[in-house]
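Undergrad: no sequence on this one, just coordinates:
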């Protein structure tokens, strides 16, 4: 029903049919039903990582945002700072769609059907999206083809250690990966994306390519596994190079050649399937998964059956040597029949004729032929024989321990092709290398992060559950194989002694074929998955443009299929197939995966130790020590598997790293360590110069402006306490102060000031630099500090300055002018500004809040500083126990329930824990109190304009202004309201009497018919006269609504009847001349202040958007008054202005 909505397109989008339908340029149309409009947002495939939301407000909307009087304070900055409600509603329409490729048919259908396809939200949950893909990727060919042999060779204990080591490595890696994956939205691209965004492009590129090579070789390994199953167990007669009658090296060569031929054919077929359509691979994935699970269940069923009824599974032995079961039918030398004794086929194999007097093999003559049970069953106690390993040299006999045999020590081995022999030399580290690939595949979930409903929840739970499941299966399999199967059968790699059956198949119930067929399909499926995944990874790397050589592999079919990358993958895969031996390929891919896992652990450990502000994973159960343990395990396993391959993998990774870095640091070995640190610092500064930091690395680099007294002591030491709490020792801090005079004359004072700054910085534990600037006036000195602090890329991006305390005192009017100029300069320089008001009330570093709230009043969005600051403060011990609350203001036409929902979603994506409250501020008419307050303020401005008059003239001026004001109020309704002129004695710096004075209620007018309701408490205003001559204790004018004698609060004139309401505006001629813009601003300030005081008066700290100063300088003093009104009655306030760039992001 789209036709019923007006459609606004931002900016105009050409018809879809004219757009090239490549993945990168596809228009991501985000449709949001906002105020009855549908807005279409063209966005490219990857939303900008540096921005936390997709901006969705057009000019028309912007002009409407500030309609009404409620947000007048912020109206001048409408261009740069959208209202929070708009920002959040645009965020809510963002969906992290997988940027997968489509089939041609789907592409064409989409283009034909509709102009505005609504994006389907990804719907995969934890089970389907992460758990099952991980299980499918982890269980693989090694479990079926090599696990029994590994138990036989390494023994139950040795194999258990190997399994435990490998599973621990992947579990620790999964913990690190979960932390990285839940630290923001991970777009499609999984592990490569996570590492490159955590460790930078050099590491990212190196690891991405390692992971790519690992996945590619995994494809080769799966294909070789499926061929081995096919040629040895399913259809041995299909071999092109016949192995019948060949011995030793010749037989081995024939087998490998068969593998090469068939492997190449299968690879070609699989690559074609992937090229033609990925959707077929994905549809078959569940079938393959079912095969894996069925096969494993069949093994467990078989184990249970051996306990009840052990199968009859005889293995023919000659002495202690198992015989190859092909070529004879009966396991005996001779048979008795009616006519006497006849020889068997076995006799003919070992003797030169079928007659009893024939010359036979000596070992055959001296030893008896016997049957042993191949599967004695789980209760037989065979486990103790299989506990320890039996490592064999290539060509050794697989013999049963503890069986009497008669052979001379020097007897040559004859008829060796009749016995089961070891085909490779085995040792512990080889087993580790062969086994490790069977625990890889843990990234399967994070690789499809784009398709998950809630990736941040599903990835940790799904991955860790999958690893736990598979580890339990592997560990139980090691023990059960050792407890059920005879050692000689276990060590028989190709099942030659058991009629050429797959050894694990002999254990399975109901039939060995369940396992053979199941494992064949599952290895084919895993090979297809590898060939699907690897090219996508390569495409992601090449599209990043990190490795220039690989750019060509970013191109693909019209629908985004990575054709060139698929071709490269097939070529690399072919090299693995030409190696042809599963046992030789497995350690190669172990290396690449271990390398990748090592860097995942490193990334997590570094992020945790560096405590970057953007590092706030939703997954909390990680620790840098666990990551380091995982990293060292990976490194150890690499060298355990094969020191040679480990070095090759490292050389490949480091050469890629260097290639990406290309021009590294120039070395300068000055005087030992200092030379290195100078060189490193200079190198780092030069690197920093290259551009502004990424949003994820943004942290407040503070320039703290403090003032000093005549003795050069710092006047606001608490400013540095706040600095320490904000920084927690990280990032850059420059503490600056300005002195008046000339450099030559004031140099000693400058040094004294620097000393006192340093001393205070040490006391407050602020790590940073201090800077003192001298100039002819304070205004310029501060400006110089702002411009010249920092070096190269190590610049401040945030200014911290305290609120000018006694700005209302006449002798100090320059202070607030300087302050407003500073606000303007920070805005011009795109610096963020933090202004703590009432800094003396802020906590010192020694204090601890045991409870309480940090309240954020998020009125306009100017880069997310308001979100980041409480998060940083709560890292410090002082604020750690405080909870964070976020309030935002809803206007008349905002849906506040939806706003709250959207804001909660936004905070969930930001990984920030906070309570959310949406405060509704409905348009109300402007109260009499607002007019009165504005009037007093404008009168005060007049007084300031007369600043150059003499003292007597000035007093006369004040008297005339106040008289006229008093007269106007009295003239209209002398009974109801009296104006009371009080001369109060007040010390400079004493706060306004808002706290002591009882609150009086002022009637606010809603509309011409509605009843008046008491809303805003009237706080008395103390306008002080300004000028150089005033002394402490001089007269100040205080204007208030006063109470009637009987103690009832006075009402504004005639506020009870509609006629009176109309009259109130007619009675005040001076109100009509007021600047309407000032009235609106005062209205905003009063309304907001009322709401904030009501909600946050108990808060330990209130953070608030600081409105910008007026464009024209005429209203400067009014600006200070607005800010005073806005923050009245609050104990600790931090006013925040963003620097015009995003400082917080939902991306990882």
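TA: It's in. Being a predicted model, the structure only gives us computed values, none of them experimental.
Undergrad: nearest residue to residue 327 in space, ignoring adjacent ones along the chain?
TA: residue 349 (6.0 Å; Cβ to Cβ, 6 or more residues apart in numbering). The C-beta positions use only the backbone N, C-alpha and C, and glycine is treated the same way.
Undergrad: for the one you found, pull up the helix or strand it's in.
TA: Per DSSP states H and E, residue 349 falls inside helix 345-350.
Undergrad: after that helix, which helix or strand is next?
TA: Next along from helix 345-350, by DSSP H and E: helix 362-366.
Undergrad: next SSE after that following helix?
TA: Note on helix 362-366: by DSSP H and E, the next helix or strand toward the C-terminus is strand 369-373.
Undergrad: helices or strands up against that following strand?
TA: Strand 369-373 is packed against strand 314-318, with contacts defined by 3 or more Cβ pairs under 8 Å, 6 or more residues apart in numbering; DSSP states H and E.
Undergrad: OK, contacts around residue 546?
TA: Contact analysis of residue 546 by Cβ atoms under 8 Å, 6 or more residues apart in numbering lists 196, 201, 204-205, 208, 660.
Undergrad: list the buried residues in the helix holding residue 349.
TA: Within helix 345-350, the residues scored as buried using 16 or more other Cβ atoms under 10 Å are 346-347, 349-350.
Undergrad: quick check: residue 179 touching residue 619?
TA: Yes. The criterion here is Cβ atoms under 8 Å, and residue 179 meets it with residue 619 at 5.3 Å.
Undergrad: where does the stretch 351-500 of the chain have low pLDDT?
TA: Counting by pLDDT under 70, the ranges of the stretch 351-500 of the chain that qualify are 450.
Undergrad: one more time with 90, if that's ok
TA: Applying pLDDT under 90 to the stretch 351-500 of the chain flags the ranges 351-382, 384-385, 389-390, 394-425, 430, 433, 440-459, 486-488, 492-500.
Undergrad: for residue 777, what are its contacts?
TA: The contact partners of residue 777, taken as Cβ under 8 Å, 6+ apart, are residue 740.
Undergrad: ramachandran angles for it?
TA: Here is the backbone geometry of residue 777 (degrees, to the nearest 10): phi -140, psi 160.
Undergrad: tell me which stretches of the stretch 601-750 of the chain form strands.
TA: Assigned strands in the stretch 601-750 of the chain, in chain order: 702-706, 733-740 (criterion: DSSP state E, counting those that start in this stretch).
Undergrad: need the ones you listed in CSV with distance to residue 422 and mean neighbour count, can you?
TA: Listed next are the strands of the stretch 601-750 of the chain as CSV, based on distance: least, Cβ to Cβ, whole Å; neighbours: other Cβ atoms under 10 Å:
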stretch, distance to residue 422, mean neighbour count
strand 702-706, 69, 24
strand 733-740, 67, 22
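Undergrad: max-length helix in the protein?
TA: In the chain, assigned by DSSP state H, the helix with the most residues is helix 147-181.
Undergrad: what comes up buried for it?
TA: By neighbour count on 16+ other Cβ under 10 Å, the buried set for helix 147-181 is 147-156, 158-163, 165-181.
Undergrad: helices and strands around it, which ones?
TA: Going by 3+ Cβ pairs under 8 Å, 6+ apart, helix 147-181 lies up against helix 190-199, helix 428-435, helix 455-484, helix 487-490, helix 503-507, helix 582-610, helix 624-641.
Undergrad: quick one: closest of those to residue 1145.
TA: Among the helices and strands packed on helix 147-181, helix 190-199 comes nearest to residue 1145, with 10.7 Å by Cβ to Cβ.
Undergrad: mean confidence score for that closest one?
TA: Averaging pLDDT along helix 190-199 gives 73.
Undergrad: which residues outside that helix are in contact with it?
TA: Residues outside helix 190-199 that contact it (Cβ under 8 Å, 6+ apart): 49, 177, 180-181, 186-187, 203-205, 207-208, 211-212, 443, 446-449, 537, 540-541, 544, 546, 596, 599-600, 602-604, 606-607, 696, 1147-1148.
Undergrad: now do it and helix 582-610, the angle between them.
TA: 40 degrees (axes from the mean of the first three to the mean of the last three Cα atoms, to 10 degrees).
Undergrad: end-to-end on stretch 138-156?
TA: Taking Cα to Cα, to the nearest Å, stretch 138-156 runs 21 Å from one end to the other.
Undergrad: chain center to it, what's the gap?
TA: Relative to its chain's centre, stretch 138-156 lies at 37 Å (Cα atoms, centre = their mean, to the nearest Å).
Undergrad: assign the residue nearest the centre of the chain to helix, strand or coil.
TA: Nearest residue to the geometric centre of the chain (Cα atoms, centre = their mean): residue 183, 2.3 Å. Under DSSP: H, G, I helix; E, B strand; the rest coil, the three-state class of residue 183 is coil.
Undergrad: quick check: it vs residue 592, distance?
TA: According to Cβ to Cβ, to the nearest Å, residue 183 and residue 592 sit 25 Å apart.
Undergrad: now do residue 688
TA: Taking Cβ to Cβ, one finds residue 688 at 33 Å from residue 592.
Undergrad: ok, the two, which is more surrounded?
TA: Set residue 688 next to residue 592 and count neighbours by other Cβ atoms under 10 Å: residue 592 wins out with 26 against 15.
Undergrad: once you drop chain neighbours, what's closest to the more buried one?
TA: The spatial neighbour of residue 592 that comes closest, neighbours along the chain excluded (Cβ to Cβ, 6+ apart), is residue 214 at 3.2 Å.
Undergrad: how many residues are close by that neighbour?
TA: 27.
Undergrad: residue 923 too?
TA: Residues near residue 923, counting by other Cβ under 10 Å, number 14.
Undergrad: does it belong to a helix, a strand or coil?
TA: coil.
Undergrad: and residue 936, what pLDDT?
TA: We have a pLDDT of 76 for residue 936.
Undergrad: that one belongs to a helix?
TA: Yes. Under the criterion used here (three-state DSSP), residue 936 sits inside a helix.
Undergrad: residue ranges of each domain in this structure, please.
TA: 122-309+422-641, 314-405+414-421, 702-965+1081-1137 (the TED database).
Undergrad: now the ones you listed in CSV, with distance to residue 78?
TA: Formatted as CSV, the domains of the chain follow (distance: least, Cβ to Cβ, whole Å):
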stretch, distance to residue 78
domain 122-309+422-641, 28
domain 314-405+414-421, 76
domain 702-965+1081-1137, 9
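Undergrad: ok, residue 176 - contacts?
TA: Residue 176 makes contacts with 600-601, 603-605, 622, 626-627, 630, as judged by Cβ under 8 Å, 6+ apart.
Undergrad: no no, residue 701
TA: Residue 701 makes contact with 731-733, 790, 794-798, according to Cβ under 8 Å, 6+ apart.
Undergrad: distance to residue 329 and pLDDT added to the buried residues of helix 345-350, as TSV?
TA: Formatted as TSV, the buried residues of helix 345-350 follow (distance: Cβ to Cβ, whole Å; pLDDT from 0 to 100):
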residue	distance to residue 329	pLDDT
346	9	86
347	12	87
349	12	85
350	15	86
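Undergrad: as a markdown table, those with distance to residue 555 would be great.
TA: Output for the buried residues of helix 345-350, formatted as a markdown table (distance: Cβ to Cβ, whole Å):
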| residue | distance to residue 555 |
| --- | --- |
| 346 | 64 |
| 347 | 68 |
| 349 | 61 |
| 350 | 65 |
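Undergrad: ok, residue 769 touching residue 734?
TA: Yes. With contact defined as Cβ under 8 Å, residue 769 counts as touching residue 734 (5.2 Å).
Undergrad: residue 255 versus the residue nearest to residue 327, what's the distance?
TA: 22 Å.
Undergrad: also residue 650?
TA: Computed with Cβ to Cβ, the distance linking residue 650 and residue 255 is 33 Å.
Undergrad: settle it for me: which of those two has more neighbours?
TA: Using other Cβ under 10 Å as the criterion, residue 650 and residue 255 rank with residue 255 on top: 22 against 16.
Undergrad: follow-up on the earlier one: closest one to residue 639 among the strands of the stretch 601-750 of the chain?
TA: Comparing those against residue 639 with Cβ to Cβ, the closest turns out to be strand 733-740 (43.3 Å).
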